[in-house]
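1. This is a predicted model, with the sequence first.
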Amino acid sequence: MIRTLFLQALLLVTLAVPALAAPQIGEAAPDFTLTDSQDKPHSLSEYKGKAVVLEWTNPQCPYVKKHYGSGSMQKLQKDATDAGVIWLSINSSAPGKEGYTDAKGTQAVIAEQKSAETARLIDADGTVGKLYGAKTTPHMFVVDKEGRLVYMGAIDDAPSTEPSSLTGAKNYVTAALDALKEGKPVAMPVTQPYGCGVKYKE
Amino acid sequence: MFSLPVLLYIMPMKILSLFLTLILFSATAQAQTPERHVQLRLMPERTAVKGGETILIGIEQAIVPDWHTYWANPGDSGESMRITWDLPDGFRVSVLRWPLPERIKIGPLVSFGFKDRVLPVQKLTLPETLPDGPLVLTAKTETLVCDEICIPENDTLTLTLNDGNVTDNRSVLSEAMAEIPEESATITDASYREENGKFELTLNVPPPGKVVDAFPYDWGLMVNEGRPELALKDNHLVVRHPRGERPLSDVEAVRVLLIYTDSAGNRKGIDVEAKPDLLPAAQKKTTETTPLTLYAALLLAFLGGMVLNLMPCVFPVLSMKALSLMKMSAKGDAHARLYGLTYTAGILVCFTLVAGTLIALQASGSQIGWGFQLQNPLVVLLLSWLLFTVGLNFSGMFEIGGSFTNVGANLAGREGLKGSFFTGMLAAIVATPCTAPFMGAAIGYALVQPPASALAVFLALGFGLAFPYLLICFLPPVRRLLPKPGHWMQTLREFLAFPMYASAAWLSWVYAMQAGPNGILSALSGMILLAMIFWLAARMPERGAGRALSVLLAVLLISGLGALSWTAVRAHASVAVVETGEAEAFTPQRFDKLLRGDKPVFVNMTAAWCITCKINERTALSSHEVKMLFQDQGIHYLKGDWTSRNADITAFLARYGRNGVPLYIYYGAPDRHGQRPEPVVLPQILTPSIVRNALTPTERTEP
């Protein structure tokens, strides 16, 4: 018995070691606290009772630029937040890496992009990005009202930097939020994220 | 990039050329070309072509130092080059074939890609008739090139054929093809599954050389970080790596690139296309979609225990139970309750012992399961002697603790209580190795729980077994329905000795199965000795040296014979047991092979000591009707024998959330896409019509 318990404990420890964890669909989304562009802290747990979208972003990444340059990301954010969804954009670029901005720089990016998220969070040491196994920008996660992860993966089914690819693309985040609203299970809970690699510190 | 002052300072010689270039550019180009990180070039095998030919086209990527582009599967991030040809009717291109990628690590992320230069190749097939003169084809490409940051670069490439220029890239392309996995060599005899949180790919054919690495073409099957573990299992290559986030239910056939060194020491690649191993899907179905709660398991175990009273397995102790039941009518209320409680206690104590041992052995890694007590030949031998002794007692050859003649009066006494405790224990040990409806799921659940919960489930099972009996003991109105005691009970007891002998005979047979033909001799010799000892003892005085001597003699003889039998068992190490008849013996290898075939497969997990199994085989599986059905549908019939310990069978049972026999599973024939339907798990009690319905589910839905 003790040996089994010990082995289980050992297994848990080794599982915790990989740099990128992968959260499980249907399980509680890992809680975190990060500060936004106004230095205001936000925790995932404080939004229990509301659906939450997590968007990994990097303003310099060509794939992110496709979604912001066309205004489609802003529209997505506005539609979601208008419907009572919490939208947290997270930047895990490390200082000195592409896309990193401090609080003030982040304010400038928000102003320039005219983005409409609930808050833009700074994850300069990459802890939260690694907690969620965020690999790309954009990399999207949707959490339901009970705090369970219901979607992770790409923003849509058009992995390209070409703005023309947005036409006719199926948006997975919209699909997930619609399913939540209708109380149905998310049809495609896991898709392949696409984009630039998250610029974690080495 | 360097700023101009730096350049001025460190490389005065370059300034001139820089200025010259700038002047030249401003003179020839309207806008300055953005800085390029990857240069693309189309390299046709040759440019002089004829209609109907297929030629190779290389798409060379020349990448600036330290930057990289991506393989077919880019890994954690990035994107593989996309090429879109603008082709007239009748022209066709194949998919891009890529050379062997390398792992490129940036922070915690891992990409699969190429540095410096890479030459993917595709085939261009020309229509039968070509227009005269030069032929110009264009292709648009989107290439993502990254170091730390990523830049998408788009190009329009032009291929001019039959323009009179003779271009020959054959040697470059044949060099490139040598590094590209040969399409026709793709290994398709392979399967994949998820095992202990790992993606596991198994090759059923030997690999062409020493395999040194593996890369998945499909995303999310395994994590991209780290090198997969490569192992040889029964001469089959097994590739293992922690699972990625993509559900395996989302994928069908998967492709994996294996990198190996051939006999000449060259690094080569070969593609593997693997089909899902069907077992884990079924395992998922039983363990993931129907997770039992502890309460549900306790309820199922209780129900299962009650149903167990009606299973053929209970036959060996039926006479003892019937007799005790008859005795009920002679008892007062208080005594009857006490009687019921001791019987229950006997069952529960025995379940605690058996289940405790099972849990402890499993925790220490033994591949054993419910019914393991009868997998031990010595236990079977001792049980057969015990049942024989009980039979002798019923026959009146000897009495325990005094005269038994006045049955009614005597059984109300204390000896009766001991007897009921003993009956309970025996009921538990003999009658429980088979699984009954409800029980299978409960036991399967129990054995993956912490010991306390597991024990609770087993005790619920025992309580369920005792419950009907207990109910009779506690309900005087029910008891009054039983016939009045009298001399007929003595007659009944004597008659009931014969089922006991039958049970002893059956266990001797089981023992012979386990211990070999010589086992029958030791089992029967033991019985004769026992009979002789009891005959002697009955002739000895109640007390004194003679009595003690006979007891000593008995103990010596029995233990001597036991030891002798044990050595016989040890000598008879590997036993071919249950007669398989028209069935083949189950082995995991044979089973895997059959599942990959295109015929339906029926698996029967059985044991000699499982009477329920034997009755199902006799009345259903060996019936003419079922035999014909198996023959007509070309069903492969595999029979697994769990009479003695068999880790393979225990593992198979575990995949279906079971830990006991019988287990019957039917795997329907694969459809056009090679996909088998969900396996059908048949109930523990079979009739020919149950088997027929399970095997032909689709026919019944037709009008």
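-> Cool, got the structure. Numbering: from 1, shown residues only, chains lettered A, B, ... in the order given.
2. Every contact and neighbour count from this point should use C-alpha atoms.
-> Will do.
3. For chain A, what is the nearest residue in chain B?
-> Proximity to chain A, evaluated over chain B using C-alpha to the nearest C-alpha, is greatest for residue B:107 at 4.5 Å.
4. Now that residue. Nearest residue, chain neighbours left out?
-> Taking C-alpha to C-alpha, 6 or more residues apart in numbering or on different chains as the measure, residue B:107 lies nearest to residue A:202, with 4.5 Å between them; neighbours along the chain are not counted.
5. rewinding a little: who are the neighbours in contact with the residue of chain B closest to chain A?
-> A:199, A:200, A:201, A:202 (C-alpha atoms under 8 Å, 6 or more residues apart in numbering or on different chains).
6. one more time with 7 Å
-> For residue B:107, the residues meeting the contact criterion (C-alpha atoms under 7 Å, 6 or more residues apart in numbering or on different chains) are A:200, A:201, A:202.
7. do the same with residue B:176
-> Neighbours of residue B:176 in contact, by C-alpha under 7 Å, 6+ apart: residue B:119.
8. From the contacts of residue B:107, pick the one nearest chain B.
-> When the contacts of residue B:107 are ranked by distance to chain B (C-alpha to the nearest C-alpha), residue A:202 comes first, at 4.5 Å.
9. element containing that closest one?
-> Using DSSP states H and E, no element contains residue A:202; it sits outside every helix and strand.
10. just to revisit the earlier point, of the contacts of residue B:107, buried ones?
-> Buried members of those, counted by 16 or more other C-alpha atoms under 10 Å in any protein chain shown: A:200, A:201.
11. mind checking how far the residue nearest to residue A:24 when sequence neighbours are not counted is from chain B?
-> Leaving aside its chain neighbours, residue A:24 sits nearest to residue A:149 (7.0 Å; criterion: C-alpha to C-alpha, 6+ apart). Taking C-alpha to the nearest C-alpha, to the nearest Å as the measure, residue A:149 falls 13 Å from chain B.
12. Which strand or helix spans residue A:149?
-> Element membership of residue A:149 [criterion: DSSP H and E] is strand A:149-153.
13. for residue B:455, same thing?
-> Using DSSP H and E, residue B:455 maps to helix B:451-474.
14. Could you export that helix as CSV, CA atoms only?
-> Written as CSV, here are the backbone C-alpha positions of helix B:451-474 (Å, rounded to 0.1, in the frame of the first residue of the first chain):
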residue,chain,number,x,y,z
PRO,B,451,-8.2,-0.5,0.2
ALA,B,452,-11.0,0.7,2.6
SER,B,453,-13.4,1.4,-0.2
ALA,B,454,-12.5,-1.8,-2.0
LEU,B,455,-13.1,-3.8,1.2
ALA,B,456,-16.5,-2.0,1.7
VAL,B,457,-17.6,-3.2,-1.8
PHE,B,458,-16.6,-6.8,-1.1
LEU,B,459,-18.4,-6.7,2.3
ALA,B,460,-21.5,-5.4,0.5
LEU,B,461,-21.2,-8.3,-1.9
GLY,B,462,-21.0,-10.7,1.1
PHE,B,463,-23.9,-9.1,2.8
GLY,B,464,-25.9,-9.4,-0.4
LEU,B,465,-25.1,-13.1,-0.5
ALA,B,466,-26.2,-13.6,3.1
PHE,B,467,-29.2,-11.3,2.9
PRO,B,468,-32.0,-13.7,1.6
TYR,B,469,-31.0,-16.2,4.3
LEU,B,470,-30.8,-13.5,7.0
LEU,B,471,-34.3,-12.3,5.9
ILE,B,472,-35.7,-15.8,6.5
CYS,B,473,-34.1,-16.0,9.9
PHE,B,474,-35.5,-12.6,10.9
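15. Would you report the backbone torsion angles of residue 55?
-> Just going to use chain A. Residue A:55 adopts backbone torsions of phi -120, psi 120, taken as degrees, to the nearest 10.
16. was after chain B, sorry
-> With angles defined as degrees, to the nearest 10, residue B:55 shows backbone torsions of phi -120, psi 160.
17. Return the residues of chain A in contact with chain B.
-> Contact residues (C-alpha under 7 Å from any C-alpha of the partner chain) of chain A with chain B: A:1, A:4, A:19-20, A:22, A:61-62, A:98, A:135-136, A:161, A:190, A:192, A:194-197, A:200-202.
18. Out of these, which sit inside strands?
-> With DSSP state E as the criterion, strands contain A:136, A:196, A:197 from among the residues of chain A next to chain B.
19. Switch the residues you listed over to TSV; also include pLDDT, distance to residue B:247 and neighbour count.
-> Formatted as TSV, the entries for these read as follows, by pLDDT from 0 to 100; distance: C-alpha to C-alpha, whole Å; neighbours: other C-alpha atoms under 10 Å in any protein chain shown:
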residue	pLDDT	distance to residue B:247	neighbour count
A:136	94	19	28
A:196	92	23	28
A:197	92	22	29
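20. and of those residues, the nearest to residue B:156?
-> Each of these was checked against residue B:156 using C-alpha to C-alpha; the closest is residue A:196, at 23.2 Å.
21. Now do the helices in the stretch 551-700 of chain B.
-> Listed from the start of the chain, the stretch 551-700 of chain B has helices (DSSP state H, counting those that start in this stretch) covering B:588-596, B:611-616, B:624-632, B:647-655, B:688-695.
22. Residue B:39 contacts residue B:59, correct?
-> No. Using C-alpha atoms under 7 Å, residue B:39 and residue B:59 do not qualify as a contacting pair, with a distance of 10.0 Å.
23. Those two - which one has more neighbours?
-> With other C-alpha atoms under 10 Å in any protein chain shown as the criterion, residue B:39 and residue B:59 differ in neighbour count, and residue B:59 comes out ahead with 19 against 14.
24. part of a strand, is that one?
-> Yes. If the criterion is DSSP: H, G, I helix; E, B strand; the rest coil, then residue B:59 is within a strand.
25. Which helix or which strand is home to the closest residue to it other than its chain neighbours?
-> When the adjacent residues along the chain are set aside, residue B:59 lies closest to residue B:42, with 4.7 Å between them (C-alpha to C-alpha, 6+ apart). Assigning secondary structure by DSSP H and E places residue B:42 in strand B:38-44.
26. List the pairing partners of that strand within its sheet, with orientation.
-> Each strand that pairs with strand B:38-44, with its direction, by DSSP bridges: strand B:54-63 (antiparallel).
27. Following element in sequence after the strand it pairs with, please.
-> Beyond strand B:54-63 in the direction of the C-terminus, DSSP H and E gives the next helix or strand as strand B:68-75.
28. tell me which strands and helices the following helix or strand past that following strand is in contact with?
-> Using DSSP H and E, the helix or strand that follows strand B:68-75 in sequence is strand B:82-86. Judged by 3 or more C-alpha pairs under 7 Å, 6 or more residues apart in numbering or on different chains; DSSP states H and E, strand B:82-86 is in contact with strand B:135-146.
29. quick one: the strand it packs on to chain centroid distance?
-> On the basis of C-alpha atoms, centre = their mean, to the nearest Å, the separation between the geometric centre of strand B:135-146 and that of its chain is 47 Å.
30. Could I get the phi/psi values of the spatially closest residue to residue B:616 that is not a sequence neighbour?
-> By the measure of C-alpha to C-alpha, 6+ apart, the closest residue to residue B:616 outside its immediate chain neighbours is residue B:686, 5.5 Å from it. As for residue B:686, its main-chain torsions (degrees, to the nearest 10) stand at phi -110, psi 150.
31. I figured residue B:686 hits residue B:622, correct?
-> No. Residue B:686 is beyond contact range of residue B:622, at 11.1 Å (criterion: C-alpha under 7 Å).
32. which one of these two has more residues nearby?
-> residue B:686 (19 against 16).
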